[in-house]
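**Q** Got a predicted structure here, sequence first:
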Amino acid sequence: MPTLSNLAAVVVAPGVDYFPGLLDRAEQEALRDGILAILVEAPPFRPRMPRTGKPFSVRMSNCGPLGWVSDETGYRYQPTHPETGRAWPEMPPRLLEIWRLLAPDAPPPEACLINLYDANAKMGLHQDRDEQELAAPVVSLSLGDSALFRLGGRERGDRTRSLKLQSGDAIAFGGPARLAFHGIDRITPGSSTLLAEGGRINLTLRRVSRSE
Ligand code: MD6
Ligand code: FE
């Protein structure tokens with residue numbers, strides 16, 4: 001059972017709850033170790049953009065019953081790894097606990113997308129909208145090097161603001177912010193000692209299917 005150091009949310013925009021320092025160092029290490037074990041079973045793959053096939057700069061994996069993948073045929077959730085064909089590993093129990101604390105009204109998450117950033121990786125402005133269940137929030141956890149997170153509104157052209165996400169921080173998008181545009185402009189190499197090889201791991205937990 002994780003002992004979360006700081007369950008106080010900073011509401012940075014309607015529906016955007018930011019939890020700076022949610023996980024203390026010991027929690028970060030435990031989660032890191034759980035994720036590194038998952039990456040042995042479900043090795044990182046490099047997703048490609050729909051249609052063009054252009055590779056992402058981040059590598060990805062997943063855990064939980066469903067995983068998010070992207071290739072020439074589009075974005076989708078699927079129960080198996082796109083390269084090994086095996087089922088995704090189970091979600092570590094502490095991730096489920098964190099979801100329960102941050103999203104108490106939502107049904108359990110079905111997908112945990114693992115984004116892996118090296119020093120040069122970034123993620124373009126996007127919405128998370130491949131889920132049928134948009135009533136549940138998306139909960140995101142950051143481990144390792146800090147990232148410059150860009151947060152916009154529901155339209156691509158809306159004003160954006162920047163937020164620094166550090167190791168152990170969480171951010172949740174729900175309600176009016178569930179479909180807010182967001183992305184990662186860059187990470188700051190060498191800003192954390194959590195990952196021996198440097199870089200950043202981001203975990204995004206999502207409910208995919210509608211629960212009735
Ligand atoms: C990242 N995060 O932090 C990418 N999506 O590397 C996301 O794409 C994200 O942080 C939905 C809600 C929160 C997020
Ligand atoms: Fe996202």
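**A** Great, that's in hand. Ligands and ions are numbered 1, 2, ... in the order given.

**Q** so who does Pro104 touch?
**A** Contact analysis of Pro104 by Cβ atoms under 8 Å, 6 or more residues apart in numbering lists nothing. C-beta coordinates here come from the backbone N, C-alpha and C atoms, glycine included.

**Q** where's it relative to ligand 1, distance?
**A** Using Cβ to the nearest ligand atom, to the nearest Å, Pro104 is found at 18 Å from ligand 1.

**Q** Tell me the pLDDT of that residue.
**A** The model reports Pro104 with a pLDDT of 94.

**Q** Next: Ala136.
**A** Ala136 carries a pLDDT value of 97.

**Q** Hmm, it is touching Ala106, no?
**A** Yes: the pair Ala136 / Ala106 is scored as a contact, 3.8 Å apart, by Cβ atoms under 8 Å.

**Q** Compare neighbour counts for these two and give me the winner.
**A** Higher neighbour count among Ala136 and Ala106: Ala136, with 23 against 20, using other Cβ atoms under 10 Å.

**Q** Am I right that the more buried one sits in a helix?
**A** No: read with DSSP: H, G, I helix; E, B strand; the rest coil, Ala136 is coil and lies in no helix.

**Q** show me the contacts for it.
**A** Neighbouring residues of Ala136 by Cβ under 8 Å, 6+ apart: Ala103, Ala106, Pro107, Pro109, Gly174, Arg206, Arg207.

**Q** Need the residues that contact the host helix or strand of Ile38.
**A** Here Ile38 sits within helix 25-41, counting by DSSP states H and E. The contact list for helix 25-41 (Cβ under 8 Å, 6+ apart) reads 2-5, 23, 61, 63, 86, 89, 92, 94-95, 114, 141, 143-144, 167-168, 194-195, 201, 203.
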